[in-house]
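Enquirer: here is my input; please provide its structure:
(2 chains)
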Amino acid sequence: MKSLLALGAVALTTAALAWAGAEAQPKAGGAPVPVITKAAKGEHCVEDTAYMRRNHMKLLLVHRDRTVLQGIRTPKHSLKGCIDCHASEATGSVASAKEDFCVSCHSYAAVKIDCFDCHSTKPQRTTAMNPSHPHAASVSANVEEMAGVSR
Amino acid sequence: MNELNTMTEQAPHSPERRRFVGAAAAVAGLAVVPGVMLYEVADARPEDQPASSAVRWGMLVDATRCASGCSDCVTACSTENGWTPVAQSEHPRQAPQWIRKLQLEDPLTQAQINLPMLCQHCAEPPCVDVCPTGASFKRADGIVLVNRHTCIGCRYCMMACPYKARSLVHEPLNDTQKPDVPRGMGCVEACTFCVQKIDRGDGTTACAEACAAAGHNAILFGDLNDPESEISKRLRELPTKQVRADLKLNLGVRYHGI
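Expert: Residues are numbered from 1 along each chain as shown, chains lettered A, B, ... in the order given. Just a heads-up that it's a prediction; the model follows:
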């Protein structure tokens, strides 16, 4: 009997909370939805949007080990690459305001990330390459291309 | 066993062996060319290639040129890597320090020596030996790093390091990090030989650049494995020392004039 009462109390509280939450935030089908702003730079993501939504964490995990352990810093699948395109135009960051790209979804999904305890949430402003580096020319060309897209 | 014996007995005179030796020499001759190319590639390695053990990054500090009262290398390091200079820190005694200037005085002669002290990037790093999680590691090109994703902040490596080169970040950094240099509370950190600059193909460090800009040229950075690199040439000419050479750690940082 006691357990039945407890169950009832839990059900009531949940219902009350859901109702109160629904009042405060925008809803689609009864649940508050995250704000997903289109990336400021570039035309499309490095992978399909649907694939990225499910698998970005796996790509980041693999790339992170390649970067830290082996020094491979290719922009594709790198956290820096994500931040470069997805930083909000208002805050210049992916995680400083409630509606910034990373935070918006992660608070919706209730998945706590600690990436930004260590990583900067803002894109690098000057990515000057050493002119003697074999990739310097191609990188600066890419940067110009990207700048052209965002204009 | 019998087979082995017959082989060794007939080996020096057999025409088969002579042919084999000839072939081996030819292969070795070919290998020299890719070997030489490997050095060239390694200094400015393609972006998608891993760091290679064909390179060993190292530093030569000429203490006779290191100026008293100058701390340009320390400032440059803090600017490049985003750590707060100790003087500006709220808790200077526990503030992270990747490189520091030392002034040593001989009590008998009052002769003074100035030098920067930093992670020595040992070939046999004690910090790597003691790390319980494998977070402290040596990269293929000889740079000793901390993988902050696995560091638990136990500070065992700080105890093990004979050079007091490592620091723990005690306080939250509140998004003040540089995009290229992630750092965070609860992790141990130290000089990385400006690994972000190395991977970018700069082939030098912020401290070496700053020292040259100040006109002292006390810090020379380069590839110890390349016999033609500037640092290898200087190491051949100058008498240099490793700090605590008795520990036989085979350091990446060598000092002249200490």
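
Enquirer: B:Pro172: what's its closest spatial neighbour, skipping adjacent residues?
Expert: Distances taken as Cβ to Cβ, 6 or more residues apart in numbering or on different chains place B:Met185 nearest to B:Pro172, at 4.9 Å, with adjacent residues excluded. Every C-beta, even on glycine, is put in place using the N, C-alpha and C of the backbone.

Enquirer: tell me the contacts of that neighbour?
Expert: A:Asp117, B:Val169, B:His170, B:Glu171, B:Pro172, B:Leu173 (Cβ atoms under 8 Å, 6 or more residues apart in numbering or on different chains).

Enquirer: need the residues of the stretch 151-258 of chain B near chain A, please.
Expert: Counting by Cβ under 8 Å from any Cβ of the partner chain, the stretch 151-258 of chain B comes close to chain A at B:172-173, B:175, B:177-180, B:182-185, B:187, B:195-196, B:198-203.

Enquirer: go through these and flag which are in helices.
Expert: Applying DSSP state H to those, the entries found in helices are B:Val195, B:Gln196, B:Ile198, B:Asp199, B:Arg200.

Enquirer: show the pLDDT at residue 7.
Expert: Assuming you mean chain A. The score at A:Leu7 is 47. That number is its pLDDT.

Enquirer: other chain: chain B
Expert: On the pLDDT scale, B:Met7 is placed at 42.

Enquirer: which stretches in chain B count as helices?
Expert: In chain order, chain B shows helices spanning B:2-10, B:15-43, B:72-81, B:126-130, B:156-160, B:195-200, B:206-213, B:230-237, with DSSP H as the criterion.

Enquirer: can you list the residues that contact the fourth one?
Expert: This points to helix B:126-130. Surrounding helix B:126-130, the residues in contact under the criterion Cβ under 8 Å, 6+ apart are B:136-138, B:144, B:156-162, B:166, B:247, B:249.

Enquirer: what is the neighbour count of the residue lying closest to B:Leu104 once chain neighbours are set aside?
Expert: Closest residue to B:Leu104 apart from its sequence neighbours, by Cβ to Cβ, 6+ apart: B:Ile113 at 4.5 Å. For B:Ile113, the number of neighbouring residues by other Cβ atoms under 10 Å in any protein chain shown comes to 16.

Enquirer: got the contact list for B:Ile113?
Expert: The contact partners of B:Ile113, taken as Cβ under 8 Å, 6+ apart, are B:Ala63, B:Gln103, B:Leu104, B:Glu105, B:Gly257, B:Ile258.

Enquirer: if I look at the fifth one, how far off is chain A?
Expert: With distances defined as Cβ to the nearest Cβ, to the nearest Å, the gap from B:Gly257 to chain A amounts to 30 Å.

Enquirer: low-confidence ranges, chain B, go.
Expert: Along chain B, the parts satisfying pLDDT under 70 run over B:1-43.

Enquirer: my read is that A:Lys122 contacts A:Ser93, right?
Expert: Yes - counting by Cβ atoms under 8 Å, a contact exists between A:Lys122 and A:Ser93, whose distance comes to 5.0 Å.

Enquirer: what residues are up against the residue positioned nearest the centre of chain B?
Expert: Computing the C-alpha centroid of chain B and ranking residues by Cα atoms, centre = their mean puts B:His121 first, at 3.8 Å. When contacts are counted by Cβ under 8 Å, 6+ apart, B:His121 is found next to B:Trp57, B:Gly58, B:Met59, B:Gly142, B:Ile143, B:Val144, B:Cys191, B:Phe193, B:Leu251, B:Gly252, B:Val253.

Enquirer: rerun at 7 Å
Expert: B:His121 sits next to B:Gly142, B:Ile143, B:Val144, B:Phe193, B:Leu251, B:Gly252, B:Val253 when contact means Cβ atoms under 7 Å, 6 or more residues apart in numbering or on different chains.

Enquirer: for stretch B:179-189, buried residues please.
Expert: Of the residues in stretch B:179-189, those scored as buried under the neighbour-count criterion (16 or more other Cβ atoms under 10 Å in any protein chain shown) are B:Pro179, B:Asp180, B:Val181, B:Pro182, B:Arg183, B:Gly184, B:Cys187, B:Val188, B:Glu189.

Enquirer: cool, stretch B:222-235 as well?
Expert: Going by 16+ other Cβ under 10 Å, stretch B:222-235 has these buried residues: B:Gly222, B:Asp223, B:Leu224, B:Asn225, B:Asp226, B:Ser229, B:Ile231, B:Ser232, B:Arg234, B:Leu235.

Enquirer: among those residues, which pair sits farthest apart?
Expert: For the buried residues of stretch B:222-235, the farthest-apart pair by Cβ to Cβ is B:Asn225 and B:Arg234; their separation is 14.8 Å.

Enquirer: next, the buried residues of stretch B:56-71.
Expert: The neighbour-count criterion (16+ other Cβ under 10 Å) identifies B:Arg56, B:Trp57, B:Gly58, B:Met59, B:Leu60, B:Val61, B:Asp62, B:Ala63, B:Cys66, B:Cys70, B:Ser71 as the buried residues of stretch B:56-71.

Enquirer: pick out whichever of these sits closest to chain A.
Expert: Top of the list for closeness to chain A, among these and by Cβ to the nearest Cβ, is B:Trp57 at 11.1 Å.

Enquirer: bridged to that closest one, which residues?
Expert: B:Asp223 (DSSP bridges).

Enquirer: test my guess that it contacts B:Gly252.
Expert: Yes - at 6.5 Å, B:Trp57 and B:Gly252 qualify as touching, with contact defined as Cβ atoms under 7 Å.
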